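**Student:** pasting a predicted model and its sequence here:
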Amino acid sequence: MAEAGRGEIAVEGEVERITYENRETGFRVVKVAVPGRRDYLAMVGVFPRVSPGARIRARGTIEVDKNHGEQLRVTSVTEIAPTTLGGIEKYLGSGLIKGIGQVTAERIVKTFQLDTFKVLDEEPHRLREVPGLGRTRADALATAWQEQRAIRDVMVFLQAHGASPHLAARIWKRYGPKAATVVSTDPYRLAIDVWGIGFRTADRIAASLGVAKDSVERMQAALLQALRDATEQGHCYVVTEDLVARALRLLAGDEHEAAPPDDALADLLDQGLAALVRGGNVVVEREGALERASLDRLQGAAVYDVAMHQTESRLAARLAALARMEGDALPGFAEAVAHFEKETGTELAPEQRLAVERAARCPLLVVTGGPGVGKTTIVKAILRVFDRARIPTRLAAPTGRAAKRMSEATGREAATLHRVLEYDPKTSTFKRDARHPLDAGAIVVDESSMVDVWMADALTQAVANGARLVLVGDVDQLPSVGPGSFLRDAIDSGVVPFVRLLKIFRQAEKSLIVQNAHRINAGEQPVVPEQGDTNADFFVVDKRDPDEARRIVLELVTRRIPRRFGLDPVRDIQVLTPMNRGPAGTALLNEELQAALNPNGKPLVRGRTTFREGDKVMQLKNDYDRNVWNGDVGVVTKVDTEEESLVVRFDEERDVPYDGSSLDELALAYACTIHKSQGSEYPAVVIPLLTTHFVMLSKNLLYTAVTRGKQVVVLVADPRAVRLSLAEDRRHPRLTKLAARVVHACEGGGGE
């Protein structure tokens, strides 16, 4: 050990073992063999990952822990290549490099001796000389070595500038070898390009790199992040003053509370916004007219991301064009309806018949209605009409789950919109568009309330001139996870033909789930079954205390519902809650449900979450490479702790591997938010609804939750929370101009 001044020392040694590491935070405890020291020195702190066998140079201060004795509190760690054959072999076989285990490490070191690292760095093709490797595997190991070295360089660079090591793999995945260059020249790009990195992380890195706090780059980054945050909340635009206020909160470091007044900072943000307008990054619009970047004309205007403005305008123009094309009914319409009624033994209600007739006349039609009103019957009847007219038809839905249900209900193939539109993950575009439209005479889309403006634009552009588009959905559910209120705006425009189904059919009338869904939608209290009603499917358990409510939820899921209804607690029962945080949020509920339902599965720790074999998990974002989508639910079928990977089975048939940063796309799913449940149906749902959920409570939130259940719905609720929900139509109306643009386009003004 050498003194380094101010109590700091420099240490060199060989890593013997990893005692503890948290890859989320980068905190580690390692034992190091230091020359001249009889026992191992414990090194503690946040530093890049090291492997047993690695030689390291560390700086830090010696401290004495009352439980663990003497240890080095690390301030920096630099890795030095091992210099002995044993050290090299131990380093390579530590699991640091994917595909190189202890046996392979022994073969490599035996072949190249002390020149092993030189060969790996400068002549990796020579790995083919190692007995038993083969060309393909040797090339794969060479690639893995190069990537690991590059990732380590990026990790060291980022940590030196305030980023956690956990983010390095994500940054490398996004930028590859250019990562360090991109970050050093434009650190705020991280907030835009890399999932999971927000403005604050990018801002810390920028500050470390010397970017001034009052720089125009920082102001623009805060404004763009604020606009992006608003989009993630469902808005298509933000009013200027609100955008500046959001950006001020970001710059002040608190996204929830208003920042203290700072006129100078607000002026800088105004200047930053004007620069964004001049640079073509955002569009500012007042009453349909585009504004220039004059500060006195930006106040009170709508600020759009430029891509969002183009999308909303283009979508409006296409909807207006489709809505104007109504003509004569398709040939054989009446005969097809009559044959359908005779074959199925049903008689269409007047509003159902109206919907089928409009589908036969209108190139664009919206059919909306709640549970039990016959939407599926309508789809089947419309398909018969299209068949009779010999119109080739495609069926689609926003998610795989919804597409599967559509197939089961109609007896025809249905696919996700991404698949129908032929999404290309390499270019992040759809192959089907206005130039290469769908080869179908009609497209019927179910669960259309889940379609956001991005997808609606892609869909409508891909509908060929002369083809038909039928949108089926429940407009009273929560709007799409993505931005906009597409289905509602289409109806509210008064231009797009639509039929609202209201009549509840006799069989559905017997269900309290259906009855109470409609009561909730009307702002009325749900009714409870009479005592002793053995056929009841809707129950309310009054609970005001959040901890007691959570206890009852666990009891319902693990014992009472499985025992009474014969349902599997993991596969068939879903807990739906308004929020992620809090005593009845997804985080705590998942933790306790996992402990009760799957305590012994083989574990894999990832950050604050432990995944176990047998766990129910959910995909958190669209992953086009894996063909899994935001909200998809599966079961962990395999955990590999050495490779830090697992396999999830979706749809009971498709296995998808996860490792590295892709594990961050998964969450436990015994409980999920009501928003995440859109487009899904479950045999049983349990819904905690409490006053602690106040900020989220609304009528359409409760309505959406109740309509997810097919056989059983149990509401574990504080009566006050139910009353608050029923009194709140839509807590946060989405900012969108789509309806007005459709009207304007129909009046001859185009899509602007």
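**Tutor:** Alright, I've got the coordinates. Numbering: from 1, shown residues only.
**Student:** can you pull out the helices in the stretch 251-400 of the chain?
**Tutor:** 263-278, 295-298, 306-323, 333-344, 350-361, 375-388, 400-410 (DSSP state H, counting those that start in this stretch).
**Student:** only alpha carbons, please: show the strand or helix carrying Asp489 as PDB.
**Tutor:** Per DSSP states H and E, Asp489 falls inside helix 486-492. Presented in PDB, the C-alpha positions along helix 486-492 are these (Å, rounded to 0.1, in the frame of the first residue of the first chain):
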ATOM      1  CA  PHE A 486     -58.100   8.500 -31.100                       C
ATOM      2  CA  LEU A 487     -61.400   6.700 -30.800                       C
ATOM      3  CA  ARG A 488     -63.100   9.400 -28.700                       C
ATOM      4  CA  ASP A 489     -61.800  12.100 -31.000                       C
ATOM      5  CA  ALA A 490     -63.100  10.300 -34.100                       C
ATOM      6  CA  ILE A 491     -66.500  10.200 -32.500                       C
ATOM      7  CA  ASP A 492     -66.400  13.700 -31.100                       C
END
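**Student:** who does whichever helix or strand comes after that helix touch, helix- and strand-wise?
**Tutor:** Past helix 486-492, heading to the C-terminal end, the next element that is a helix or strand (DSSP H and E) is strand 498-501. The contact analysis (3 or more C-beta pairs under 8 Å, 6 or more residues apart in numbering; DSSP states H and E) places strand 498-501 against helix 350-361, strand 364-369. Using the backbone N, CA and C atoms, a C-beta is placed for each residue, glycine as well.
**Student:** just put these in CSV and tack on mean neighbour count and mean pLDDT.
**Tutor:** Shown next, in CSV, are those (neighbours: other C-beta atoms under 10 Å; pLDDT from 0 to 100):
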stretch, mean neighbour count, mean pLDDT
helix 350-361, 21, 92
strand 364-369, 26, 96
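**Student:** in TSV: these, plus distance to Pro719.
**Tutor:** Converted to TSV, the helices and strands packed on strand 498-501 look like this (distance: least, C-beta to C-beta, whole Å):
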stretch	distance to Pro719
helix 350-361	35
strand 364-369	29
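**Student:** name the residues of stretch 171-180 that come out as buried.
**Tutor:** Ile171, Trp172, Lys173, Arg174, Tyr175, Ala179, Ala180 (16 or more other C-beta atoms under 10 Å).
**Student:** with stretch 607-624 instead?
**Tutor:** 609, 611-620, 622-623.
**Student:** quick one: end-to-end distance for that stretch.
**Tutor:** Looking at stretch 607-624, the gap from its leading to its trailing residue is 24 Å under the measure C-alpha to C-alpha, to the nearest Å.
**Student:** and for stretch 247-267?
**Tutor:** Using C-alpha to C-alpha, the end-to-end distance of stretch 247-267 comes to 12 Å.
**Student:** and the helices of the stretch 251-400 of the chain as TSV, adding distance to Gly482?
**Tutor:** Formatted as TSV, those follow (distance: least, C-beta to C-beta, whole Å):
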stretch	distance to Gly482
helix 263-278	23
helix 295-298	27
helix 306-323	11
helix 333-344	35
helix 350-361	26
helix 375-388	22
helix 400-410	15
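**Student:** weakest of those helices in terms of mean pLDDT?
**Tutor:** The stretch with the lowest average pLDDT out of the helices of the stretch 251-400 of the chain is helix 295-298, scoring a mean of 65.
**Student:** which residue is nearest the middle of the protein?
**Tutor:** For the chain, the residue lying nearest the average C-alpha position, counting by C-alpha atoms, centre = their mean, turns out to be Lys621 (2.9 Å).
**Student:** relative to Asp632, how far out is that one?
**Tutor:** Using C-beta to C-beta, to the nearest Å, one gets 10 Å for the distance from Lys621 to Asp632.
**Student:** what sits against Arg390?
**Tutor:** Shown in contact with Arg390 (C-beta atoms under 8 Å, 6 or more residues apart in numbering): no residues.
**Student:** next up, phi/psi of the residue lying closest to Arg246 once chain neighbours are set aside, please.
**Tutor:** In space, Arg246 comes closest to Ala226 once its chain neighbours are excluded; the distance is 3.7 Å by C-beta to C-beta, 6 or more residues apart in numbering. Backbone dihedrals for Ala226, given as degrees, to the nearest 10, come out at phi -60, psi -40.
**Student:** name the helices or strands packed onto the longest strand belonging to the chain?
**Tutor:** Taking residue count as the measure and DSSP state E as the definition, the longest strand of the chain comes out as strand 8-22. The elements that strand 8-22 packs onto, with contact taken as 3+ C-beta pairs under 8 Å, 6+ apart, are strand 2-3, strand 27-33, strand 41-46, strand 55-65, strand 69-80.
**Student:** now the ones you listed as JSON lines including mean pLDDT and mean neighbour count?
**Tutor:** Compiled in JSON lines, the helices and strands packed on strand 8-22 are given as follows (pLDDT from 0 to 100; neighbours: other C-beta atoms under 10 Å):
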{"stretch": "strand 2-3", "mean pLDDT": "44", "mean neighbour count": "8"}
{"stretch": "strand 27-33", "mean pLDDT": "87", "mean neighbour count": "20"}
{"stretch": "strand 41-46", "mean pLDDT": "86", "mean neighbour count": "19"}
{"stretch": "strand 55-65", "mean pLDDT": "84", "mean neighbour count": "16"}
{"stretch": "strand 69-80", "mean pLDDT": "81", "mean neighbour count": "16"}
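**Student:** closest to Val628 out of these?
**Tutor:** In terms of C-beta to C-beta, the element of the helices and strands packed on strand 8-22 nearest to Val628 is strand 27-33, at 30.8 Å.
**Student:** sorry, back to before: state the mean pLDDT of the helix holding Asp489.
**Tutor:** Per-residue confidence for helix 486-492 averages out to 96 on the pLDDT scale.
**Student:** point out the ones among the buried residues of stretch 607-624 that are inside strands.
**Tutor:** Secondary-structure check on those using DSSP E: residues within strands are Thr609, Phe611, Arg612, Lys616, Val617, Met618, Gln619.
**Student:** out of these, the closest to Val444 would be?
**Tutor:** For those, the closest approach to Val444 (C-beta to C-beta) belongs to Gln619, at 25.7 Å.
**Student:** next, the contact list for Asn598, please.
**Tutor:** Applying C-beta under 8 Å, 6+ apart, we find Asn598 in contact with Val570, Arg612, Gly614, Asp615.
**Student:** let's have those residues in JSON lines, adding pLDDT and distance to Asp139.
**Tutor:** Supplementary listing: these in JSON lines, determined by pLDDT from 0 to 100; distance: C-beta to C-beta, whole Å:
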{"residue": "Val570", "pLDDT": "94", "distance to Asp139": "42"}
{"residue": "Arg612", "pLDDT": "94", "distance to Asp139": "35"}
{"residue": "Gly614", "pLDDT": "94", "distance to Asp139": "36"}
{"residue": "Asp615", "pLDDT": "96", "distance to Asp139": "35"}
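**Student:** which pair in the residues you listed spans the largest distance?
**Tutor:** Val570 and Arg612 (11.5 Å).
**Student:** buried residues, stretch 306-323. List them.
**Tutor:** Residues of stretch 306-323 classed as buried: 308-309, 311-323 (neighbour count, 16+ other C-beta under 10 Å).
**Student:** next: stretch 487-499.
**Tutor:** For stretch 487-499, using 16+ other C-beta under 10 Å, the buried residues are Leu487, Arg488, Asp489, Ala490, Ile491, Asp492, Ser493, Val495, Val496, Pro497, Phe498, Val499.
**Student:** ok, those residues vs Leu597, which is closest?
**Tutor:** Closest to Leu597, out of all of the buried residues of stretch 487-499 and judged by C-beta to C-beta, is Leu487, at 36.1 Å.
**Student:** pretty sure the closest one is in contact with Leu471, am I right?
**Tutor:** Yes. Look at Leu487 against Leu471 with C-beta atoms under 8 Å: they come within range, at 6.7 Å.
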